[in-house]
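Trainee: the following comprises the amino acid sequence and a computationally predicted model.
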Amino acid sequence: MSLDVRSATRRYVGLTALHWLPVGLSAPVTVLLASSRGLSPADIGVVFAVYSTVVLVLELPTGGLADAIGTRPVLVLSGLVSTAGLLAVAAADDVAAFALAEGLRGVGRALSSGPLEAWFVDAVRAADPGADVAPGLSRAGAADGAGLCVGAVLGGLLPLLAEGSGAEVLVLPVVAAAVLTSVSVVAVALLVVPLGRTRGPGPAAVLAGVRGVPAVVRDTARLVGHDRLLRRVLAVSLLVGTVLATLELLGPLHAADLTGDRAAGATLFGVVMAVSFAAAGLGALLAPAARRAARGSAAVGSAVLTVLGAAAIAAVPLGGPLLLGCLFAVFYTANAAAWPLWKAVLHGRVGAGQRATALSASSLALQVGALGGTLGLARLAEAAGTGAGFLAAAAALLLIALISLDLRSRGHVAVTTDPESGAVPAP
């Protein structure tokens, strides 16, 4: 079955929104649910580290699998595994059970990383080889933020509207997310039509996908090792991953402390994240203006934005619920505006034949940073309080600003907007 550009775009945008809506639903309550069932901040950090590790290990192999057997089977498998992971979260009651659940969710996230976008680009190219895919990617970025925003609002409100308290109400958004994820599986099966000839998902195809992984890893290491600016961009990705993971781990706990109740804290953090996701969408649109204000320098523009974000995060422990929402919105706006500037440097350093490899390296760096945040800064927060964790995140942002200043362009590079520049949803 062949699709025209408009039809492929509509399907891509709709499936993107449906994919991220369940993620937004579960984001405000996952940490609080684990806390209500007896897990300490350090325990929760270990659990989320399992998620990050699984995604980190499987990021490249799952890409090879999608190339080998086609995008639709991998996306369907991703939805099924993610549904199982969410149901496992709903039932978990100790560290081991939560770790298993987050491991399943990590497998689902790794499987979903890239195939839908790859299918969209291939579908557009098949319909019109000269078509511009940027408008579709931009709309998908808006759908991404909208799905997260609506999901976060609903995920925060459900515990407040339900009768009861503790884990019995916090589990409702997780179950709702599982139901919506299963709906997305059906939608993918119906709407992601195969393009051309693809090998079936048999053992030979799986082995072919896995067999190509060492070459991808080798090429990535070689590319990074020979380019100083590219190494700095990857360092930025790593530190951004650390900061985002820290905020998404400590934010719900801080919200619960401010309200004195986990259900109310889930509602507050759901609103905070909804506003933050909306702010991230706005921030991505501000990237070109930020660069112009910095007289065309991506390095200076991203550094100034990062310092602004650091100031906002450092001030989080000083205020109440309203200030929490405002400061998170400031950070997510600044981070989303800076992200395309960092990516512009990356794209300016690689050619078309190396672009996917470089982006894979950036994604891996992000996951390594998230792993460090969930392990190291979670323990710092347990020992010295959530305020110390926020200050450590602010310090990491200042380090990003210093690295950004060393990304001075060796030539003109165009600013491009990444559809996922706003935020990394909590696992």
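Mentor: Yes, it's here. Just so it is clear, the model here is predicted, and its values are computed rather than measured.

Trainee: every contact and neighbour count from this point should use C-alpha atoms.
Mentor: OK.

Trainee: mind listing the helices for the stretch 101-250 of the chain?
Mentor: Listed in chain order, the helices of the stretch 101-250 of the chain (DSSP state H, counting those that start in this stretch) span 115-127, 134-161, 167-191, 203-211, 213-225, 228-259.

Trainee: domain assignment for the protein?
Mentor: Per automatic domain parsing, the structural domains of the chain span 1-211, 213-416.

Trainee: okay if I get those domains as a markdown table plus mean pLDDT and mean neighbour count?
Mentor: Shown next, in a markdown table, are these (pLDDT from 0 to 100; neighbours: other CA atoms under 10 Å):
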| stretch | mean pLDDT | mean neighbour count |
| --- | --- | --- |
| domain 1-211 | 84 | 21 |
| domain 213-416 | 81 | 21 |
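
Trainee: mind putting the helices of the stretch 101-250 of the chain in JSON lines, distance to Ser363 included?
Mentor: Below are the helices of the stretch 101-250 of the chain laid out as JSON lines (distance: least, CA to CA, whole Å):
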{"stretch": "helix 115-127", "distance to Ser363": "14"}
{"stretch": "helix 134-161", "distance to Ser363": "17"}
{"stretch": "helix 167-191", "distance to Ser363": "23"}
{"stretch": "helix 203-211", "distance to Ser363": "19"}
{"stretch": "helix 213-225", "distance to Ser363": "12"}
{"stretch": "helix 228-259", "distance to Ser363": "8"}
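
Trainee: among those, which comes closest to Val57?
Mentor: helix 213-225 (11.0 Å; CA to CA).

Trainee: now the strand or helix carrying Ala393 and helix 228-259, what's the angle there?
Mentor: Using DSSP states H and E, Ala393 falls within helix 386-405. Here the directions of helix 386-405 and helix 228-259 differ by 160 degrees (axes from the mean of the first three to the mean of the last three CA atoms, to 10 degrees).

Trainee: what does helix 386-405 rub up against?
Mentor: Helix 386-405 is touched from outside by 232-233, 235-236, 239-240, 242-243, 246-247, 250, 253-254, 299-300, 302-304, 306-307, 309-311, 313-314, 316-317, 342, 377-378, 380-381, with contacts defined as CA atoms under 8 Å, 6 or more residues apart in numbering.

Trainee: give me the contacts around stretch 306-326.
Mentor: Stretch 306-326 has contacts (CA under 8 Å, 6+ apart) with 255, 258-259, 268, 271-273, 275-276, 327-328, 330-332, 334-335, 338, 386-387, 390-391, 393-395, 397-398, 400-401.

Trainee: hmm, I typed the wrong one, I wanted stretch 223-236.
Mentor: Contacts for stretch 223-236 (CA under 8 Å, 6+ apart): 342-343, 345-346, 349, 358, 361-362, 365, 400, 403-404, 406-407.

Trainee: same question for stretch 139-150.
Mentor: Counting contacts by CA under 8 Å, 6+ apart, the residues outside stretch 139-150 that touch it are 12-14, 16-25, 273-275, 277-278, 280-281, 418-420, 422.

Trainee: let's see it at 6 Å
Mentor: Stretch 139-150 is contacted by residues Val13, Thr16, Ala17, Trp20, Leu21, Gly24, Ala274, Phe277, Pro419 when judged by CA atoms under 6 Å, 6 or more residues apart in numbering.

Trainee: likewise for stretch 120-136?
Mentor: With CA under 6 Å, 6+ apart as the test, stretch 120-136 has contacts from Asp4, Val5, Thr9.

Trainee: C-alpha coordinates for that stretch, CSV please?
Mentor: Taking C-alpha atoms only, stretch 120-136 is exported to CSV below (Å, rounded to 0.1, in the frame of the first residue of the first chain):
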residue,chain,number,x,y,z
PHE,A,120,7.6,8.3,8.2
VAL,A,121,10.7,9.5,6.3
ASP,A,122,10.7,6.4,4.1
ALA,A,123,7.0,6.8,3.4
VAL,A,124,7.4,10.4,2.4
ARG,A,125,10.4,9.6,0.2
ALA,A,126,8.5,6.8,-1.5
ALA,A,127,5.6,9.1,-2.2
ASP,A,128,7.7,12.0,-3.4
PRO,A,129,11.5,11.8,-3.4
GLY,A,130,11.8,15.6,-3.4
ALA,A,131,9.4,16.2,-0.5
ASP,A,132,10.6,18.1,2.5
VAL,A,133,10.2,16.0,5.7
ALA,A,134,10.9,19.0,8.1
PRO,A,135,7.2,20.1,8.3
GLY,A,136,6.1,16.6,9.4
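
Trainee: how far out from the middle of the chain is it?
Mentor: Stretch 120-136 has its C-alpha centroid displaced from the chain centroid by 24 Å (CA atoms, centre = their mean, to the nearest Å).

Trainee: and if you look at stretch 323-343?
Mentor: For stretch 323-343, the distance to the chain centre is 14 Å (CA atoms, centre = their mean).

Trainee: do stretch 185-198 as well
Mentor: Worked out by CA atoms, centre = their mean, stretch 185-198 lies 24 Å from the chain centre.

Trainee: CA atoms of that stretch as PDB?
Mentor: Backbone C-alpha positions of stretch 185-198 (Å, rounded to 0.1, in the frame of the first residue of the first chain) are rendered in PDB as follows:
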ATOM      1  CA  VAL A 185      -0.300  -1.200  19.500                       C
ATOM      2  CA  VAL A 186      -3.500  -1.700  17.500                       C
ATOM      3  CA  ALA A 187      -3.100   1.800  15.900                       C
ATOM      4  CA  VAL A 188       0.400   0.900  14.800                       C
ATOM      5  CA  ALA A 189      -0.600  -2.400  13.400                       C
ATOM      6  CA  LEU A 190      -3.300  -0.700  11.300                       C
ATOM      7  CA  LEU A 191      -1.600   2.500  10.200                       C
ATOM      8  CA  VAL A 192       2.100   1.700   9.800                       C
ATOM      9  CA  VAL A 193       1.900   0.000   6.500                       C
ATOM     10  CA  PRO A 194       5.000  -1.900   5.200                       C
ATOM     11  CA  LEU A 195       7.100  -0.100   2.600                       C
ATOM     12  CA  GLY A 196       8.700  -2.200  -0.100                       C
ATOM     13  CA  ARG A 197      10.000  -5.700   0.700                       C
ATOM     14  CA  THR A 198      11.100  -6.400   4.300                       C
END
